[in-house]
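Undergrad: Just the structure for this:
(2 chains)
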2 protein chains.
Amino acid sequence: MLGPETLHEHLGDLRSEVEEALVKLVDTQMDGPAAAAMALSSSILLAGGKRWRPVLTLLAYEAGGGVTTAPAMDLALAFELIHTATLIHDDLNDGGKLRRGVPTLHTTHGNAEAIIAGDHLFVLGFGLGGRYDRPIVDAVSATCANIAAAELKQLRHIGDIATSPEDYYSIIEGKTAGPFETSCRAAGIVAGADKSTTTALAGFGLEVGLAFQIVDDLLDLTGDEAMGKPRGTDVHEGKMTLPLIHALTMLHGVQRVRLSEILAAFNDNLWDELTALLESAGSFQYTHQLVDNHLGRALDYISKLPESPARRMMEELSALSVGRRS
Amino acid sequence: MLGPETLHEHLGDLRSEVEEALVKLVDTQMDGPAAAAMALSSSILLAGGKRWRPVLTLLAYEAGGGVTTAPAMDLALAFELIHTATLIHDDLNDGGKLRRGVPTLHTTHGNAEAIIAGDHLFVLGFGLGGRYDRPIVDAVSATCANIAAAELKQLRHIGDIATSPEDYYSIIEGKTAGPFETSCRAAGIVAGADKSTTTALAGFGLEVGLAFQIVDDLLDLTGDEAMGKPRGTDVHEGKMTLPLIHALTMLHGVQRVRLSEILAAFNDNLWDELTALLESAGSFQYTHQLVDNHLGRALDYISKLPESPARRMMEELSALSVGRRS
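TA: Residues are numbered from 1 along each chain as shown, chains lettered A, B, ... in the order given. Prediction:
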């Protein structure tokens, strides 16, 4: 049985492996005709980031029976590149100023260069994902089409207080949990795992991804310096996250009217009032409960896999990724 | 020997085949979660367009020995989807108002939806391209990375009167001729053609692509209603195309000073003066000559292939695509 310290050390090693592979990928591009585009997008790609997606992909690969990480590395990097591409385009779309602690590309280089940089990372990511067999290529493509679909749906629900929990779940499944699910499933396939193992890995990815995004949205309301996320970006933007949707459902009369007024014209002076309304509706508690449920289901899925260091690390990583460990 | 009418009929058939395959692809997406994104991007994708890229891909496949078009159709569509994705993002970046005769997406749906729609088509295109073997996937990925690189270079040379012919060629090779080259080469590989045939097809694609883009840039200065291109978009934007670069090189003294003044602050009242300067520098004649040279080299490449209806159609298409036939 591995203790937490050894686990964290192993996770750190995997993260370093991913980081090195990213640096190497960037370096190979710096010799060719796409050097300027790579220089541009690498300023965001290599600016840090927790690398949850590629690390989880490598762990799923190991838990699925893979031995050395090499055969799964292109897959792991593909998801990180595609994720970073969507971050660059998202930041442009919602006017984000900082990403991974550095100024966003559209603020430093203008919208046109930010669009091109995102396109370039998409291309690189797909190039790596395209190296696998047809079922994986099709899954990556469908997953990424769903990311675009979810971004569109999210955009169209900005400021819409009629957004339902189903709308919310379809958005976070499309943009976050779906990619986690596909990367874990594909990692299992690359590892040569049997059907029940890949299904368990995929289920784990989906549930962790849901928990991860719900926590991310929750932290936007509560703030958490340790997680490096400033408070209120989503609510300023009119993004309808789960605690807000829950409160709009639970509150009645003047409280509900007041909540919709606050959301329609939010400013930082309204924090205390917003928080009190969400508390009174039980929305924080409800949201925490859902996170625990998803995390529990994620752990259930992998509990069926044979005991292994990778499985233990997946358990640890899932707790870490939703802030249940520091 | 096929007469021109039969050739045009065959080309029309191929174009219809591509059109039907595109409609079918869109339809399959309209059932799933990406329906809204597909509805958005299909408004541009299915708004017409000459389909040079997919038709040429299918012809190269047939000239390379392919019999039925089916095995090359995904490849052909991939290039059309990726091309349309870049058009949507380009139009946003340069403020284009019309595309394929319909209003551009960013004007009807805003920048954010246009970025997402382009991303969605990229994803679909890569999904289709990713279905082939590794050498093709790598070539498609590298080609698309070069598109991004070329777009970036083009953007950074906006208004730069020091832009050299080499800069111009690297831009049009990256954004246009490279994709033509790769689609023809990949079509040959899919057809199981030998090395010398795929090299000839690739060379044909590169040269036709260069001729095609140079003509496109030339028409921006001369205008051509029949080709459906309004005059002056590029010059208003500060895009440095070959006739301008040539004139800046050839003219001296007051003429050169005046040309740079005109380019720095262009408006429609300056057309006659600009045209006279380009005429006086011999820039139109020079550019036409280069188009003929590229076209000649393209035909040389395929003259080595066995005589076939597909080869005859490639000859005809290359003449058509640069306006040498109507």
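Undergrad: burial of the residue in the stretch 201-326 of chain A that chain B sits nearest to, as a residue count?
TA: Going by CB to the nearest CB, chain B is nearest to residue A:237 of the stretch 201-326 of chain A, at 11.3 Å. All C-beta spots, glycine's among them, are computed from the backbone N, C-alpha and C. If you count neighbours by other CB atoms under 10 Å in any protein chain shown, residue A:237 ends up with 16.
Undergrad: what does residue A:285 give?
TA: 13.
Undergrad: what's the distance between it and residue B:173?
TA: Residue A:285 sits at a distance of 60 Å from residue B:173 (criterion: CB to CB, to the nearest Å).
Undergrad: quick one, phi/psi of residue A:104?
TA: phi -70, psi 150 (degrees, to the nearest 10).
Undergrad: which residue packs closest to the residue of the stretch 201-326 of chain A closest to chain B, ignoring adjacent ones?
TA: residue A:94 (5.5 Å; CB to CB, 6 or more residues apart in numbering or on different chains).
Undergrad: Neighbours of the one you found, how many?
TA: 18.
Undergrad: same question, residue A:48
TA: 13.
Undergrad: Contact partners for residue A:138?
TA: By CB atoms under 8 Å, 6 or more residues apart in numbering or on different chains, residue A:138 lies in contact with B:127, B:131.
Undergrad: just the one 4 residues further on next, same as before
TA: Contacts here follow CB under 8 Å, 6+ apart; on that basis residue A:142 touches A:182, B:32, B:127.
Undergrad: tell me the SS of residue A:312?
TA: helix (DSSP: H, G, I helix; E, B strand; the rest coil).
Undergrad: so it sits right up against residue A:7, yeah?
TA: Yes. Assessed by CB atoms under 8 Å, residue A:312 is found in contact with residue A:7 at 6.2 Å.
Undergrad: So for residue A:137, what's the nearest residue that isn't a sequence neighbour?
TA: Per CB to CB, 6+ apart, closest to residue A:137 is residue B:130, 3.8 Å.
Undergrad: can you tell me how far the one you found sits from residue B:17?
TA: Residue B:130 sits 22 Å away from residue B:17, going by CB to CB.
Undergrad: More neighbours: which of the two?
TA: Set residue B:130 next to residue B:17 and count neighbours by other CB under 10 Å: residue B:130 wins out with 26 against 18.
Undergrad: Enumerate every residue touching the more buried one.
TA: Residue B:130 neighbours (CB under 8 Å, 6+ apart): A:126, A:129, A:130, A:137, A:140, A:141, B:137, B:140.
Undergrad: Next up, the contacts around residue A:156.
TA: Residue A:156 neighbours (CB under 8 Å, 6+ apart): residue B:36.
Undergrad: So for the helix or strand hosting residue A:62, mean pLDDT?
TA: Here residue A:62 sits within helix A:52-63, counting by DSSP states H and E. Per-region confidence: helix A:52-63 scores 96 on mean pLDDT.
Undergrad: Give the next helix or strand downstream of that helix.
TA: Heading C-terminal from helix A:52-63 (DSSP H and E), you reach helix A:70-94.
Undergrad: List the buried residues of that following helix.
TA: Of the residues in helix A:70-94, A:72-94 count as buried by neighbour count, 16 or more other CB atoms under 10 Å in any protein chain shown.
Undergrad: One more: stretch A:13-25?
TA: So, applying 16+ other CB under 10 Å, buried residues of stretch A:13-25: A:14, A:15, A:17, A:18, A:21, A:22, A:25.
Undergrad: Nearest to chain B, out of the residues you listed: which one, please.
TA: Closest to chain B, out of all of the buried residues of stretch A:13-25 and judged by CB to the nearest CB, is residue A:25, at 11.5 Å.
Undergrad: Let me see the confidence value for the closest residue to that closest one other than its chain neighbours.
TA: Counting by CB to CB, 6+ apart, residue A:25 lies nearest to residue A:77, which is 6.3 Å off, once chain neighbours are set aside. On pLDDT, residue A:77 comes in at 97.
Undergrad: For the one helix or strand residue A:202 maps to, give the mean pLDDT please.
TA: For residue A:202, the element it lies in under DSSP H and E is helix A:195-222. Helix A:195-222 carries an average pLDDT of 96.
Undergrad: Going along the chain from that helix, find the next helix or strand for me.
TA: helix A:233-237.
Undergrad: How about residues contacting that following helix?
TA: A:94, A:96, A:158, A:217, A:220, A:221, A:241, A:244, A:263, A:266, A:274.
Undergrad: before we move on, the earlier item: is it possible to mark the buried ones in the contacts of residue B:130?
TA: Of the contacts of residue B:130, these count as buried by 16+ other CB under 10 Å: A:126, A:129, A:130, A:137, A:140, A:141, B:137, B:140.
Undergrad: Generate JSON lines for the residues you listed, with pLDDT as supplementary columns.
TA: Listed next are those as JSON lines, based on pLDDT from 0 to 100:
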{"residue": "A:126", "pLDDT": "90"}
{"residue": "A:129", "pLDDT": "91"}
{"residue": "A:130", "pLDDT": "88"}
{"residue": "A:137", "pLDDT": "91"}
{"residue": "A:140", "pLDDT": "92"}
{"residue": "A:141", "pLDDT": "90"}
{"residue": "B:137", "pLDDT": "91"}
{"residue": "B:140", "pLDDT": "92"}
